[in-house]
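> give the three-dimensional model of this entry:
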Amino acid sequence: MIEPMIAATVPAAVELKAGQTIYWCSCGLSANQPYCDGSHTGDFNPLPFTPEADGTYYLCQCKQTATPPLCDGAHNRFAEGGQG
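Have a look, this model is predicted:
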């Protein structure tokens with residue numbers, strides 16, 4: 001399986017509205033991170049995400065999270081000195 005590209009080693013803090021679907025980039029190739037811009041190829045597809053509440057959400061940009069599209073701290077493995 002092809003691995004996604006690491007777009008950044010910090011999450012993207014975004015303000016989202018309840019019920020408004022966004023499409024998270026799962027491949028890391030989008031120029032509009034953390035959102036999909038159609039740059040994906042092969043096995044990658046955008047992941048739809050619809051928050052249940054208004055608020056700030058931290059979306060993964062390293063593409064290694066176990067809870068896509070939400071950051072789970074996996075980026076700490078890639079950040080210099082293990083800090084994100």
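
> the closest residue to residue 29 other than its chain neighbours: what's it in contact with?
Of all residues not flanking residue 29 in the chain, residue 39 sits nearest, at 4.0 Å (Cβ to Cβ, 6 or more residues apart in numbering). (Glycine included, C-beta is placed from N, CA and C.) Taking Cβ atoms under 8 Å, 6 or more residues apart in numbering, we find residue 39 in contact with 25, 27, 29, 30, 31.

> so what's the first one closest to, chain neighbours aside?
Same thing as residue 25. residue 36 (4.5 Å).

> quick one, phi/psi of the residue nearest to residue 29?
Dihedral angles of residue 39 (phi, psi; degrees, to the nearest 10) stand at phi -80, psi -10.

> and the gap between it and residue 12?
16 Å (Cβ to Cβ, to the nearest Å).

> flag the shaky bits of the chain, pLDDT-wise.
1, 79-84 (pLDDT under 70).

> which residues in the chain form strands?
12-16, 22-24, 47-49, 55-59 (DSSP state E).

> could I get those strands as a markdown table with mean neighbour count and distance to residue 67?
Below are the strands of the chain laid out as a markdown table (neighbours: other Cβ atoms under 10 Å; distance: least, Cβ to Cβ, whole Å):
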| stretch | mean neighbour count | distance to residue 67 |
| --- | --- | --- |
| strand 12-16 | 14 | 15 |
| strand 22-24 | 19 | 11 |
| strand 47-49 | 14 | 11 |
| strand 55-59 | 15 | 10 |
